[in-house]
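Asks: requesting a structural model of the entry that follows:
(one chain, ligands or ions: 1)
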Amino acid sequence: MKRIIMSAWRHALGAVALCALASAPAAAQALVRPAANPCVRPAAGSVVQEPPALRSLQGVLSIRLSYQHTFDDFGRELFCFMTPEGLQNPTLHVRPGDHLMIVITNNLPAGSAPMALNAPNCGAPIMNSTSVNIHYHGTNLPPTCHQDEVIKTIINAGQTFQYNVLFPTNEPPGLYFYHPHVHGIAEHAVQGGATGAIVVDGIETVQPAIGALPQRILMVRDQPVPGNPAPGGNIPDWDLTLNFVPITSPTHAASNDFVPAILQMKNGSRELWSICNCSSDTVLDLQYVFDGEPQTLQLVAVDGVPVNSQDGVQPGAPIPVTHFLLPTASRIQVIVSAPPPTVHLAQLMTLAVDTGPDGDNDPQRPLATVQSANQGRDSNIFAPSIINPGQRVSGRRFAGLKAAPIATRRTVFFDENNDTSTFFMAVEGRPEHVFDPNAPPDIVAVQGSVEEWVVQNRTQEVHEFHFHQLHFLVESQDNFELNGSPQNPAITGQFLDMIHVPYWDGDPTHPFPSVTLRIDFRGNDVGDFVFHCHILEHEDKGMMNIIRVLNVDDFDDLAKRSTARSDTAKGKNTAASKTHVH
Ligand SMILES: [Cu+2]
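Replies: Predicted coordinates for the structure are as follows:
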């Protein structure tokens, strides 16, 4: 049903350019030896445990990771990042302005299906079926080699690579995550579990409602259903896990026999839950229910940005929600109360998500049964991140975006060819094509500008729009109801790195569902980077594109050359942009 495809690599097989590597430091690093017993996972019905956590010290978090795999009892291939001490996928706590240094060795077996990447390279110039790299999802890091670059960064089996990532001082405090981002095998790696949380500490200084509440990281992931049964009814396309505790599904479509995880809280307590939808392909619609009654959750952050915290509105104010649609790769942080003793059944669950006629089966199911007792499970939770009394973080990376003049307007859209199982992240006015890491960018923008993009869904399944290196301001969600899908009112006016674009119902008189976004190129994001659907099956099959952001001088040079070639379209575009460059 859903298998990784390597045809995109095979067609590009050919002369391999053995050009000089752009990354000399990697060779100097001592390799990280494989850990014993990698990727150990708990049993169904287990109590949810907090992932291991590592914290920066005096502005630096320096770690060593071994990328490994194993197979579980159902034959599923599991992937993980292991520290030499045996910690799996540790949560990485940093503060704005910190350096995150990671030495990583790829300890997978040698791969097949090589594909050459044109220079400039970062790491190996050839990628294959066991390559790895690390994307620091949601962070506002530059797309440069050794930081958050994923198009040309390749670490092959046996190779060691050094990341030296510098978090900006205005990075919003909140929940981010890391995962491999090699085109063609991203779905397999992420479904295998190669994801970990990144926390930029200090959110309580922007959202005072959090105060000193205990905090908990909840990572939802997805994986193949054992035996690959035909999806339908309550048999999903993908099973879910919660901090790796598998949520097993019924074996009959009409059965409701899900086995949730157990989550233990202290009687009368409140906690901050930082929840990542770290699944590859599964959209969630989270709800917290006491005896069938949806509870109000106080939403304090989405995608690492404290809500209502930008554009001079600090401290932020929480948004009450009774459910929240969480795209793949999206994160929310919510304040949650323990169930009172009178409640018989308290559950964190995901409601059914209608992914469209061409989409996956994503039924309602419980994630965890929440138990409260006089003895809390303090070992499960970590202390609040309060930096130092009196110390604050600004987190205002996107301040002023609402009022900034718009330099350029563009339309991009999701499209599919069902006959060839190819997926497109297309740009209006450009030929539609599957992602090619060696292709030139379809969009060139200028650093310092702000653009307005309409992102349309022209297909009959949902897609999840992601922009690397920056967040966008959600201006509107359009034509949703007309096509049978609800909007999510909580996100309009907020700053996200993921947004759900529901499916088109196929009625030619209905305009495509779309979102209108303000894209912020005022940051330190010069270079080539990607925007794509974060349903990774779709990304692997081509639904990704490249944008090049140039600094003003390079952009002006490009504009002059374009004008000299009488390229009127580009010339007009440039003139419009330049008038608004600060
Ligand atoms: Cu998609």
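Asks: put the alpha carbons of stretch 503-519 into CSV.
Replies: The C-alpha trace of stretch 503-519 is given here as CSV (Å, rounded to 0.1, in the frame of the first residue of the first chain):
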residue,chain,number,x,y,z
TYR,A,503,-9.3,18.3,0.5
TRP,A,504,-11.2,19.7,-2.5
ASP,A,505,-14.5,17.8,-2.9
GLY,A,506,-14.1,17.5,-6.6
ASP,A,507,-17.1,19.7,-7.5
PRO,A,508,-15.8,21.9,-10.4
THR,A,509,-18.0,24.8,-9.2
HIS,A,510,-16.3,24.8,-5.8
PRO,A,511,-13.1,26.9,-5.5
PHE,A,512,-10.2,25.0,-4.0
PRO,A,513,-9.7,25.0,-0.2
SER,A,514,-6.9,27.4,0.5
VAL,A,515,-5.1,29.3,3.3
THR,A,516,-3.6,32.8,3.0
LEU,A,517,-0.3,33.2,4.8
ARG,A,518,2.2,36.0,5.4
ILE,A,519,5.7,34.6,4.9
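Asks: just use 57 as the starting number from now, easier for me
Replies: In the new count, where the first residue is 57, that last one comes out as stretch 559-575.
Asks: distance from the chain centre to that stretch, please.
Replies: Mean-position distance between stretch 559-575 and its chain equals 23 Å (C-alpha atoms, centre = their mean, to the nearest Å).
Asks: ok, stretch 239-250 next?
Replies: Computed by C-alpha atoms, centre = their mean, the separation of stretch 239-250 from the middle of its chain amounts to 12 Å.
Asks: pLDDT averaged over it, what's the number?
Replies: For stretch 239-250, mean pLDDT is 98.
Asks: taking the stretch 157-306 of the chain, what residue is nearest to the ion?
Replies: Glu243 (11.0 Å; C-beta to the ion). (Each C-beta comes from the backbone N, C-alpha and C, glycine too.)
Asks: helix, strand, or coil at that residue?
Replies: Under DSSP: H, G, I helix; E, B strand; the rest coil, Glu243 falls in the helix class.
Asks: flag every residue of this structure that's near the ion.
Replies: His519, Cys589, Ile591, His594 (C-beta under 5 Å from the ion).
Asks: again, 8 Å this time
Replies: With C-beta under 8 Å from the ion as the criterion, the chain meets the ion at residues 470, 479, 517-520, 589-591, 593-595, 599.
Asks: which one (most neighbours) among the residues you listed?
Replies: Neighbour counts for those (other C-beta atoms under 10 Å) peak at His519, which has 35 neighbours.
Asks: beta partners of that residue?
Replies: In this entry, His519 is beta-bridged to Val557, by DSSP bridges.
Asks: burial count for the residue lying closest to the residue of the stretch 157-306 of the chain closest to the ion once chain neighbours are set aside?
Replies: With sequence-adjacent residues excluded and distances taken as C-beta to C-beta, 6 or more residues apart in numbering, Glu243 is closest to Leu592, at 3.8 Å. When neighbours are defined as other C-beta under 10 Å, Leu592 has 29 of them.
Asks: and the residue of the stretch 207-356 of the chain that's closest to the ion?
Replies: Closest point on the stretch 207-356 of the chain to the ion, by C-beta to the ion, is Asp337, at 8.6 Å.
Asks: that residue - that's part of a strand, no?
Replies: No. Read with three-state DSSP, Asp337 is coil and lies in no strand.
Asks: quick one: contacts for it?
Replies: Lys58, Glu243, Gln247, Asp278, Asp293, Trp294, Thr384, Asp416, Ile591, Leu592, Glu593 (C-beta atoms under 8 Å, 6 or more residues apart in numbering).
Asks: can you list these in CSV and add secondary structure?
Replies: Converted to CSV, the contacts of Asp337 look like this (three-state DSSP):
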residue, secondary structure
Lys58, coil
Glu243, helix
Gln247, helix
Asp278, strand
Asp293, coil
Trp294, strand
Thr384, coil
Asp416, coil
Ile591, coil
Leu592, helix
Glu593, helix
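Asks: could you flag which of the residues you listed are buried?
Replies: Lys58, Glu243, Gln247, Asp278, Asp293, Trp294, Thr384, Asp416, Ile591, Leu592, Glu593 (16 or more other C-beta atoms under 10 Å).
Asks: looking at the most centrally placed residue in the chain now. What's its pLDDT?
Replies: Geometric centre of the chain, nearest residue: Ala385, 3.2 Å, by C-alpha atoms, centre = their mean. Note for Ala385: predicted pLDDT of 98.
Asks: now do the lengthiest strand in the chain: distance to the chain's middle.
Replies: Counting by DSSP state E, the longest strand found in the chain is strand 116-127. Taking C-alpha atoms, centre = their mean, one finds strand 116-127 lying 19 Å from the centre of the chain it belongs to.
Asks: which residues in the stretch 107-256 of the chain form helices?
Replies: Remark: helices assigned in the stretch 107-256 of the chain by DSSP state H, counting those that start in this stretch are 242-247.
Asks: next: the chain.
Replies: Under the criterion DSSP state H, helices of the chain are mapped to 63-66, 81-84, 242-247, 259-262, 592-596, 608-620, 624-634.
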